[in-house]
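1. Next input, structure requested:
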Amino acid sequence: MLARLLQTRGLSVKVFERDASPTSRTQGGSLDLRPDSGQRAIRAAGLLEVFERTSRSDAKAFKLIDSQGNVIPGAGEETYEDAGPEIDRGDLRRLLLESLVPDTVAWGHVVKDVRLEADGRQRIEFAGQEAVLADLVVGADGIGSKVRQRLTSIRPRYVGHTMLAANIRKDLWRGSEISGVLGEGSVMFAGGGKTIFVQRCAHDLILLYVSMAVAENWPAANDFELDDTEAVLAAVTEAYQDWSPDLLTMLTQVEGKVQRWPLSVMPPDCRWETQPGLTMLGDAAHVMPPFTGKGVNLALFDALDLADALTADPETDVTEAVKAFETRMQARTRKEIGECLDVGRTFYGIDMDLPERAAA
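-> Predicted coordinates:
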């Protein structure tokens with residue numbers, strides 16, 4: 001998104017992508033883009049029309065069901081009103097990639113390090129690829145960011161829960177019990193400090209996310225591998241033994257590989273000193289669990305905010321523009337991470353001891 005915005009404003013941009021190709025891995029489930037953040041960036045990038053063709057407004061329907069299978073009346077109304085249209089991650093990524101100038105993305109570039117050169121430019125070192133010099137490097141490299149380590153010593157902390165993502169069996173995508181309960185949107189089953197989130201994605205795919213209060217290195221800590229689906233489902237069944245057996249049976253009819261997603265968070269008040277030629281956005285700057293569903297929206301809005309800062313006034317010093325952006329980003333993400341952790345306490349019993357002020 002940042003590359004698209006800067007290119008439409010006449011700047012030269014290169015994206016170095018870790019993935020080997022646009023199709024080297026699956027992108028996961030569906031996302032809702034909020035009007036005041038994600039959709040603002042889409043609109044500013046001139047992509048609203050194609051987004052509206054690709055997204056699904058009916059998929060924002062949401063309901064909450066307890067661990068015994070009882071619908072909680074009215075529990076999804078606020079979420080539904082606040083949500084935007086849903087778009088699959090793969091579709092959103094493809095939409096953005098196709099909007100870029102040809103050859104903007106260099107695939108298969110794994111960043112090893114970023115360091116400041118004597119001439120003031122930043123040098124990006126890659127594994128097995130030639131180094132690159134740049135006037136400004138923006139780290140959008142997620143939880144394992146190599147850029148973050150040049151800006152702050154603060155690291156994300158594991159919250160004590162891991163999510164497991166899996167696909168419901170294809171023969172159950174339509175005309176089955178779980179399809180009927182789900183409808184066109186998503187459902188959160190919750191109880192006893194655990195949740196199973198189910199959503200219908202494009203092409204009728206039904207994806208679910210199971211929360212597990214386990215060690216960060218699970219399942220290795222329990223002496224089995226993630227590709228042992230039978231052992232994974234046995235662990236889920238044991239962890240959810242206080243749930244309705246019929247409900248749990250319905251929610252464990254999965255096929256294919258199970259994916260593991262340890263949940264981490266940056267301290268809400270994390271700050272760092274602005275450095276010339278270097279900044280970061282999205283999960284690299286403010287990773288948080290998906291409890292409020294705002295991660296993609298914050299990342300897209302970061303891109304818009306940074307693009308505006310860099311292009312609003314040609315006379316503005318780049319470092320000063322980046323500093324202004326970082327100040328605004330840190331202020332809004334402090335609030336968002338705080339709200340996310342509040343949901344974590346309510347639904348999962350997560351009560352983390354995070355410092356009031358985490359500085360560089």
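2. what about residue 165, which SS state?
-> Under DSSP: H, G, I helix; E, B strand; the rest coil, residue 165 falls in the strand class.
3. how much space is there between the nearest residue to it once chain neighbours are set aside and residue 127?
-> Excluding its sequence neighbours, the residue lying closest to residue 165 (Cβ to Cβ, 6 or more residues apart in numbering) is residue 259, at 4.3 Å. All C-beta spots, glycine's among them, are computed from the backbone N, C-alpha and C. Distance, residue 259 to residue 127, by Cβ to Cβ, to the nearest Å: 24 Å.
4. So if I had to pick from the two, which one is more boxed in?
-> Between residue 259 and residue 127, counting by other Cβ atoms under 10 Å, residue 259 is the more crowded of the two (14 against 10).
5. Each with direction, which strands does the helix or strand hosting that one pair with?
-> Element membership for residue 259 (DSSP states H and E) is strand 254-265. Sheet pairing for strand 254-265, assigned by DSSP bridges, gives strand 157-168 (antiparallel).
6. so how far is the partner strand off the chain centroid?
-> Mean C-alpha position of strand 157-168 versus that of the full chain (Cα atoms, centre = their mean, to the nearest Å) differs by 13 Å.
7. Show me which residues of it are buried.
-> 157, 159-168 (16 or more other Cβ atoms under 10 Å).
8. again, but for stretch 234-251
-> For stretch 234-251, by 16+ other Cβ under 10 Å, it's 235-236, 239-240, 243-244, 247-248, 250-251.
9. can you list the residues that contact it?
-> 67-69, 164, 177-178, 181, 189, 191-192, 194, 196, 198, 208, 210, 212-213, 219, 222, 252 (Cβ atoms under 8 Å, 6 or more residues apart in numbering).
10. end to end, how far does it reach?
-> From its first residue to its last, stretch 234-251 covers 13 Å (Cα to Cα, to the nearest Å).
11. In this structure, where is pLDDT below threshold?
-> For the chain, applying pLDDT under 70 flags the ranges 75-82, 354-360.
12. Output the strand holding residue 259 as CSV, nothing but the C-alphas.
-> Coordinates of the C-alpha atoms in strand 254-265 are reproduced here as CSV (Å, rounded to 0.1, in the frame of the first residue of the first chain):
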residue,chain,number,x,y,z
VAL,A,254,-10.8,-30.1,9.4
GLU,A,255,-8.6,-31.2,6.5
GLY,A,256,-5.1,-30.3,5.3
LYS,A,257,-2.3,-28.8,7.4
VAL,A,258,-2.9,-26.9,10.6
GLN,A,259,-1.0,-23.6,10.9
ARG,A,260,0.4,-22.3,14.2
TRP,A,261,0.2,-18.6,15.1
PRO,A,262,1.8,-17.7,18.5
LEU,A,263,0.3,-14.4,19.6
SER,A,264,2.6,-11.5,20.6
VAL,A,265,2.2,-7.9,21.5
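13. List the buried residues of that strand.
-> Buried residues in strand 254-265 (16+ other Cβ under 10 Å): 254, 258, 262-265.
14. how much space between residue 42 and residue 101?
-> 18 Å.
15. Ignore what I typed, I meant residue 223.
-> 50 Å.
16. So between the two, which is more surrounded?
-> Shown here are residue 223 and residue 101; by other Cβ under 10 Å, residue 101 has more neighbours (12 against 7).
17. Could you look up the SS state of the closest residue to that one other than its chain neighbours?
-> Spatial nearest neighbour of residue 101, chain neighbours left out: residue 7 (5.6 Å); criterion: Cβ to Cβ, 6+ apart. Assigned by three-state DSSP, the conformation of residue 7 is helix.
18. about what we covered before: take the buried residues of stretch 234-251 and write them to TSV, including distance to residue 272.
-> Putting those into TSV (distance: Cβ to Cβ, whole Å) gives the following:
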residue	distance to residue 272
235	38
236	39
239	38
240	40
243	43
244	47
247	45
248	44
250	46
251	42
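19. rewinding a little: in helices only, show me the contacts of stretch 234-251.
-> 177-178, 181 (DSSP state H).
20. Among those, which one is most surrounded by other residues?
-> That'd be residue 178 among the ones in helices among the contacts of stretch 234-251, by other Cβ under 10 Å, with 19 neighbours.
21. who touches that one in this structure?
-> 168, 172, 198, 206, 250-251, 253.
22. can you give me the helices for the chain?
-> Using DSSP H, helices in the chain cover 2-8, 38-44, 48-54, 77-82, 89-99, 148-151, 177-182, 229-239, 245-250, 283-286, 295-311, 318-348.
23. Find the one among those helices with the highest mean neighbour count.
-> helix 283-286 (a mean of 24; mean count of other Cβ atoms under 10 Å).
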